[in-house]
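> Here's my sequence, what's the structure:
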Amino acid sequence: MREFEGKWILITGANRGIGRCIAELFAREGANLITICRQPSAEADIYFSSLEQSNGIQIKRYYADLSDHEVLNTTLKTVVKENKGIDVLVNNAGVAFGASFLMTPVKKLKELFEVNYFSQIMIMQMIVKSMLKKKSGVIVNMASVGGIETNPGYLAYGSSKAALIYATQCLSKEVGIYGIRVNAIAPGLIETQMGNYKSEEEKEKVVQRTSLRRTGDVDDIAQMVLYLSSDKAKYITGQVIRVDGGR
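Modelled structure (predicted):
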């Protein structure tokens with residue numbers, strides 16, 4: 001029997017990069033998927049249909065721009081109404097931005113917090129209510145080493161991820177008594193489209209201060225999501241797991 005046979009996994013940002021790899025790993029393990037993506041895509045539809053057929057699972061697709069909280073709230077209500085047994089929530093979607101402190105407008109700071117923090121809180125609050133009814137569940141939030149380390153040029157991104165880390169640890173203490181585990185993953189430099197906002201020079205500097213002297217790939221992160229969601233990690237909660245090659 002596959003590890004997640006018959007389980008329902010909600011993944012945000014599942015149409016590309018790390019999110020797509022997470023979806024694929026769960027599908028291989030027999031999990032049914034609930035995806036929330038920003039907008040429909042013919043290419044993503046073909047991919048998800050293929051994933052369903054090749055793994056004998058179900059994939060329910062929903063759409064919401066995480067910066068539009070009214071639309072997100074409506075979508076979440078529909079998700080909860082139509083899916084009574086969500087076992088795992090993977091808060092993967094996010095946005096990045098890099099600029100010096102003095103060149104970061106407050107407007108841009110607010111934009112990143114809308115997606116990387118406030119929308120994540122909305123999603124967790126809605127899904128946790130569902131998990132409380134069955135007294136079980138797992139939440140994995142996608143943080144970043146940028147929310148742990150302090151580096152010039154990352155005020156907006158780093159602050160939003162630091163806030164998400166605090167929320168992860170706070171929530172874990174409130175819901176642990178109900179059998180719900182909440183953890184975060186802090187990826188280092190991963191080869192994704194989202195990471196392209198860094199210059200090649202910046203990337204090389206990061207690689208040179210990484211023990212393994214290389215960037216990570218999406219599978220490195222997806223495998224950790226799978227582990228934290230499994231019974232192998234049943235005594236792990238409130239943690240921020242760095243997957244950064246020894247940065």
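
> Listing request: residues of this protein with sub-threshold pLDDT.
Residues of the chain meeting the criterion pLDDT under 70: 193-197.

> helix or strand right after the longest strand anywhere in it?
Using DSSP state E, we find that the single longest strand of the chain is strand 180-187. The C-terminal neighbour of strand 180-187 among helices and strands, as given by DSSP states H and E, is helix 200-208.

> Was I right to think R61 contacts T35?
Yes. Counting by C-beta atoms under 8 Å, T35 is a contact partner of R61 at 5.3 Å. All C-beta atoms are positioned from the backbone trio N, CA, C, and that covers glycine.

> Of these two, which one has the most company?
Neighbour comparison, R61 and T35: the larger count goes to T35, with 21 against 16 (by other C-beta atoms under 10 Å).

> secondary structure class for that one?
Secondary structure, DSSP: H, G, I helix; E, B strand; the rest coil: T35 is strand.

> so what's it up against?
Neighbour list for T35: L10, I11, T12, A14, N15, A23, F48, I59, K60, R61, Y62 [criterion: C-beta atoms under 8 Å, 6 or more residues apart in numbering].

> please redo it, this time with the cut-off set to 7 Å
Contacts for T35 (C-beta atoms under 7 Å, 6 or more residues apart in numbering) come out as I11, A14, A23, I59, R61, Y62.

> show me where this structure has helices.
17-28, 42-55, 69-82, 106-113, 119-134, 155-175, 200-208, 218-229 (DSSP state H).

> where's the most far-flung residue of the chain relative to its centre relative to L112, distance?
What lies farthest from the middle of the chain is L102; by C-alpha atoms, centre = their mean that is 29.0 Å. According to C-beta to C-beta, to the nearest Å, L102 and L112 sit 17 Å apart.

> Show the contacting residues for L72.
L72 touches A64, L66, S119, M122, counting by C-beta under 7 Å, 6+ apart.

> Identify the residue nearest it in space, chain neighbours excluded?
In space, L72 comes closest to A64 once its chain neighbours are excluded; the distance is 4.6 Å by C-beta to C-beta, 6 or more residues apart in numbering.

> go on, E114?
E114's closest residue in space is S67 (C-beta to C-beta, 6+ apart), at 4.9 Å.

> Q39 now?
Y63 (5.7 Å).

> so how far is I241 from I221?
10 Å.

> Pull up the overlap in contacts between the two.
Counting by C-beta under 7 Å, 6+ apart, the residues touching both I221 and I241 are I185.

> Who are the contact partners of the residue nearest the centre of the chain?
Centroid-nearest residue in the chain: N92, 1.8 Å away (criterion: C-alpha atoms, centre = their mean). For N92, the contact set (C-beta under 7 Å, 6+ apart) comprises I11, T12, G13, I18, G19, I22, M142.
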